[in-house]
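Q: What would the 3D arrangement of this be:
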Amino acid sequence: AVVSTQSGHYGRGKPPNMKISQGIVVAVLIAELLATVVIVNNEENYHPKKKKQKTKCSIVCSGTTGRKDTNWVAYQTYGVYTDVDISSCQFKHIPNIVTTLEGKRHHWAVTGTSSVYGATKDTFRIYIRRFNLNLSIPKNEEWNVEWMAIGYNC
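A: Below you'll find the predicted structure:
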């Protein structure tokens, strides 16, 4: 981050050293990329055998089903569900999955937004329920599942 005064410079009226500022930003980004992902527990209690592999095998993968692409399917009276494909993450075992529902409006009043069903290393399902919910609402309001999965790829 570059700190500046209203005049656009710091200190004694000298312009900031952009090389130093850019170097700090690059250093912070590299530190973030090298951060260790530690998985304390997972669905299958799987841990790579070698401690050195543990962090090399841990990945964070995230995505969305897409506002216009989510395939909502009617379920019972006031529900819908969608299957989420996470196979591109190439997990070797069932990951830990966190979800949320995003859209234009009305998704604040539903239940099930963080309830993951039938998780495998390649897919999971999420059910959404609300009074008077029909298939047109999630499609018209562009509801989509945003997710993050944390697991092992070796």
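Q: all contacts plus neighbour counts: C-alpha atoms, from now on.
A: Fine.
Q: if I look at residue 130, how far off is residue 146?
A: Distance, residue 130 to residue 146, by CA to CA, to the nearest Å: 19 Å.
Q: neighbour-wise, which of the two wins?
A: Higher neighbour count among residue 130 and residue 146: residue 146, with 19 against 16, using other CA atoms under 10 Å.
Q: name the helices or strands packed onto the strand or helix carrying the more buried one?
A: Applying DSSP states H and E as the criterion places residue 146 in strand 144-152. Applying 3 or more CA pairs under 8 Å, 6 or more residues apart in numbering; DSSP states H and E, one finds that strand 144-152 contacts strand 58-64, strand 96-102.
Q: Rebuild the ones you listed as CSV, extending it with mean neighbour count.
A: CSV is the format used below for those (neighbours: other CA atoms under 10 Å):
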stretch, mean neighbour count
strand 58-64, 18
strand 96-102, 18
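Q: With respect to residue 120, which of those strands lies nearest?
A: Ranking the helices and strands packed on strand 144-152 by distance to residue 120, with CA to CA as the measure, places strand 96-102 first at 10.1 Å.
Q: contacts for the closest one?
A: 42-43, 107, 113-116, 142-151 (CA atoms under 8 Å, 6 or more residues apart in numbering).
Q: which among these end up buried?
A: The neighbour-count criterion (16 or more other CA atoms under 10 Å) marks 42, 107, 113-114, 142-151 among the contacts of strand 96-102 as buried.
Q: picking up where we left off before, mean confidence score for the strand holding residue 146?
A: On average, the pLDDT along strand 144-152 is 94.
Q: do stretch 92-112 as well
A: Mean predicted lDDT for stretch 92-112 stands at 93.
Q: and that stretch, how far apart are its ends?
A: Start-to-end, stretch 92-112 (CA to CA) is 27 Å.
Q: can you pull out the helices in the chain?
A: The residue ranges that make up the helices of the chain, judged by DSSP state H, are 18-33, 51-57, 136-140.
Q: From residue 138, how far out is residue 102?
A: 10 Å.
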